[in-house]
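Asker: Okay, predicted coordinates and the sequence, questions at the end:
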Amino acid sequence: PGKTYRTIYMIFTLGKYTCPDGSQWCGDWDYTVQNYLLTPDGRSFELGRLITPYANAAAPRTPFTWTQNYVFDVTDYASILHDNAIMRIFYSGYSGGFTADIKFVFIEGTPDREVVGVRKLWAGSYAYGDQSHGGRNDINVHFPTIKDTVPANARAAEVKFTVTGHGSDNNGCSEFCSHNYYVYSNFVKVDSYTIWRADCGKNQLYPQSGTWIFDRGNWCPGALVHSGHHSLPGIAPGAVTNIGLQFDYYAGSGGASYTTEGTLFYYGGMKKVLDASIDQIVAPTRDENHFRENPTCGTPVIHVKNRGAAKIDSILVEYWVDSATKGTYTWVGTLRTFDETDITLPTLPDLIKTTGDTTRHLFTARILSVNGAPDADRTNNIMRS
């Protein structure tokens, strides 16, 4: 009671077990994994989705001892992540071989903005392009416009929509085809999203034992699923708002489907004006989610985010290895609220010296100032790997 959290992470650990002799397809296939929070009052919310990899034990990255962590930012669910809430992991595959574990990391502090309302909008897996039954199988009938009253203390609203394409028809839909959905606010189209993942060949979990390199309908084997986030304009306390979502019209031969979940978040005002955070060290790190970028021989990379109301045009960073000499670098660019980017830092001689060294070293990066002024929240300015 009385505690607030700057950030809440859900860490999903996927692993394997040794299947009994004669088992078929032991960890060999890409299946959908959905992680649900069940509240004591009977509601459910999908906190994060991932797809299992082609993980045959003969592949070099996925022996039976293999594990992989998937990290989801679930800060916006803070109001329901407490007491007797229950986690449910749903694995859609018919074959065995995978294990799952979830833990949460609650980082105390001031959130970027307070969530003043959470509402589930739509959820389900639906056929796409099925022309039977006189159009009654049109996917859009499952996404009716939802009317809601804006909370009195809300200043902004956002729709989070998670969708992955599955099945195969005459056009390879919906796993191997690209379509769009559109978000409406008060019957006006305000945003769109292309349901496609165009970087599966750059998967951090590679090599796999199957067709992991082929791009797919907003997912890749062995990767977490990215959600669309759509701001709704004109949010006024006490007003009635109408939220809608529709997919492209499509006529297929049957067999295509989309698995979906939509959630509406209402937010209060921004808590901080000038605030940059270091959210990840991309290199150097032992984090398996940055496998391709490591090891590095001198050029560190950090991932930063603007968590304040003001635009950021410069960030002064210092960085070092162990207790050696510190380097500094001023990044110059443009980061509006909630924008994020990778910053490549100049070569660090002390990092070069570790090449071929079997000793474990500690790399540190820290934000010193933002726009030439002190940062509003120093608790998110430093990270180590």
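Answerer: Looks like it arrived, so ask away.

Asker: For the helix or strand hosting residue 165, which helices and strands make contact with it?
Answerer: Element membership for residue 165 (DSSP states H and E) is strand 156-167. Contact here means 3 or more CB pairs under 8 Å, 6 or more residues apart in numbering; DSSP states H and E; on that basis strand 156-167 packs against strand 44-51, strand 113-127, strand 179-185, strand 188-195, strand 228-232, strand 240-247, strand 256-270. Just so you know, the C-beta spots here come from the backbone N, C-alpha and C atoms, and that holds for glycine as well.

Asker: Which one of those lies nearest to residue 17?
Answerer: Closest to residue 17 of the helices and strands packed on strand 156-167 is strand 44-51 (CB to CB; 18.0 Å).

Asker: Buried residues, that closest one. List them.
Answerer: Going by neighbour count (16 or more other CB atoms under 10 Å), the buried part of strand 44-51 is 45-51.

Asker: residues in contact with it?
Answerer: 10, 12, 14, 30-39, 70, 72, 74, 77, 80, 88, 118, 120, 123, 162, 164, 219-225, 261, 263 (CB atoms under 8 Å, 6 or more residues apart in numbering).

Asker: Can I get that strand in CSV? Just the C-alpha atoms.
Answerer: Extracted in CSV, the C-alpha atoms of strand 44-51 (Å, rounded to 0.1, in the frame of the first residue of the first chain):
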residue,chain,number,x,y,z
SER,A,44,-8.6,-11.4,-18.1
PHE,A,45,-5.9,-9.4,-19.8
GLU,A,46,-3.2,-10.7,-22.2
LEU,A,47,0.0,-9.2,-20.8
GLY,A,48,2.3,-10.5,-23.5
ARG,A,49,2.6,-12.9,-26.4
LEU,A,50,5.5,-14.8,-28.0
ILE,A,51,6.0,-17.6,-30.5
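
Asker: Give the full set of residues in contact with the nearest residue to residue 52 once chain neighbours are set aside.
Answerer: Closest residue to residue 52 apart from its sequence neighbours, by CB to CB, 6 or more residues apart in numbering: residue 31 at 4.9 Å. For residue 31, the contact set (CB under 8 Å, 6+ apart) comprises 51-52, 91-93, 95.

Asker: For residue 306, which non-adjacent residue is closest in space?
Answerer: residue 335 (4.0 Å).

Asker: okay, now that neighbour: neighbour count?
Answerer: By other CB atoms under 10 Å, 22 other residues sit near residue 335.

Asker: go on, the one 5 residues further on?
Answerer: Residue crowding around residue 340 was assessed by other CB under 10 Å; the count is 14.

Asker: Quick check: beta-bridge partners of it?
Answerer: On the basis of DSSP bridges, residue 340 is bridged to residue 305.
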